[in-house]
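**Q** Sequence isn't available, so here's the structure alone:
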């Protein structure tokens with residue numbers, strides 16, 4: 001029998017999610033900090049592992065951020081609507097719900113309706129992906145499954161955490177999300193990763209890409225924050241470019257292994273090299 005983890009866990013499966021890296025990340029958390037910032041929140045595995053009493057979370061993906069807000073504010077209504085989607089689940093139904101971002105229905109939906117659609121598409125879509133085209137429209141095909149997993153416990157547990165602590169939810173540029181970061185605050189950056197090889201494209205979770213220029217901007221922001229006394233942690237893929245980008249002596253690079261499950265080819269899933277970078281001292 002599989003033992004369920006007690007407490008908050010991500011309510012969506014997210015490419016690059018940190019569930020498989022948590023034991024490594026924990027080793028490099030700062031001993032003490034005031035407020036926690038996570039500008040690329042995604043599924044929020046690190047936030048829900050750390051459970052800070054005061055936090056600012058952000059993502060550029062509007063549908064994802066809306067879902068976080070609804071989990072915080074309207075968990076029961078959200079669960080009911082996802083269960084309705086699940087009970088109607090079929091390939092035809094999925095494709096019709098997916099079409100809502102093309103035929104105008106999405107703009108007419110309430111926040112809770114949008115969040116239920118988002119989570120249903122994430123659970124029923126191929127391999128738990130959320131992917132959009134250049135117009136911001138979901139284009140993930142229907143996934144093979146016996147039944148849609150409605151994340152009732154995750155939504156309720158995440159709601160309990162979000163509603164009982166000081167968690168500010170933002171939607172926008174990651175740089176704007178850390179404007180309030182002060183000395184002894186803790187910022188964790190989990191950006192779209194640098195491709196491991198030339199055939200691995202930068203995956204587009206939002207309408208804007210995250211290329212080399214953005215990776216350099218992120219590095220510069222990490223240094224700027226560190227110079228203000230903020231404790232910064234970053235994660236990324238373990239590629240030679242990392243050593244070129246993070247040459248400043250304030251950066252400490254740790255090489256770790258993480259198991260990745262979101263891959264279209266089953267034989268490509270497995271342990272991959274990643275790095276954890278900190279600005280607050282050697283272990």
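**A** Structure's in. What do you need? Quick caveat, the model's predicted, so the values are computed rather than measured.

**Q** Determine the longest helix present in this structure.
**A** In the chain, with assignment by DSSP state H, the single longest helix is helix 212-227.

**Q** Contacts for the helix or strand following that helix, please.
**A** Helices and strands here follow DSSP states H and E; after helix 212-227, the next one along the chain is strand 231-237. Residues outside strand 231-237 that contact it (C-beta atoms under 8 Å, 6 or more residues apart in numbering): 18, 21, 25, 28-30, 33, 184-191, 193-196, 218, 222, 225-226, 242, 272-280. From N, CA and C alone the C-beta is placed, and that goes for glycine too.

**Q** Please list only the buried members of those residues.
**A** 18, 21, 25, 28-29, 33, 185-191, 193-194, 218, 222, 225-226, 242, 272, 274-280 (16 or more other C-beta atoms under 10 Å).

**Q** quick check, distance from stretch 107-118 to the centre of its chain.
**A** 19 Å (C-alpha atoms, centre = their mean, to the nearest Å).

**Q** List the buried residues of it.
**A** So stretch 107-118, judged by 16+ other C-beta under 10 Å, has buried residues 112-118.

**Q** Name the residues that touch that stretch?
**A** Contacts for stretch 107-118 (C-beta under 8 Å, 6+ apart): 12, 63-64, 66-67, 69-71, 74, 77-78, 81-82, 84-85, 97, 100, 106, 130.

**Q** ok, back up a step: show only the entries of the contacts of strand 231-237 found in helices.
**A** Checking the contacts of strand 231-237 against DSSP H, those in helices are 25, 218, 222, 225-226, 242.

**Q** Throw these into CSV and include distance to residue 38 and pLDDT, thanks.
**A** CSV is the format used below for the ones in helices among the contacts of strand 231-237 (distance: C-beta to C-beta, whole Å; pLDDT from 0 to 100):
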residue, distance to residue 38, pLDDT
25, 12, 93
218, 14, 97
222, 14, 98
225, 13, 98
226, 17, 97
242, 20, 93
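
**Q** Where does residue 254 sit, in terms of helix or strand?
**A** strand 252-260.

**Q** That strand pairs with which strands, and in what direction?
**A** strand 270-278 (antiparallel) (DSSP bridges).

**Q** show me what contacts residue 41?
**A** Contacts of residue 41 (C-beta under 8 Å, 6+ apart): 47, 57-59, 64-65, 68.

**Q** Double-check that it belongs to a strand.
**A** No. Counting by DSSP: H, G, I helix; E, B strand; the rest coil, residue 41 is not found in a strand; it is coil.

**Q** just the strands in the stretch 51-200 of the chain please.
**A** 54-59, 166-171, 186-189 (DSSP state E, counting those that start in this stretch).

**Q** Dead centre of the protein: give me the residue that sits there.
**A** Nearest residue to the geometric centre of the chain (C-alpha atoms, centre = their mean): residue 42, 1.2 Å.

**Q** I'd assumed residue 190 was in contact with that one.
**A** Yes. Residue 42 lies in contact with residue 190 (C-beta atoms under 8 Å); the separation is 6.6 Å.
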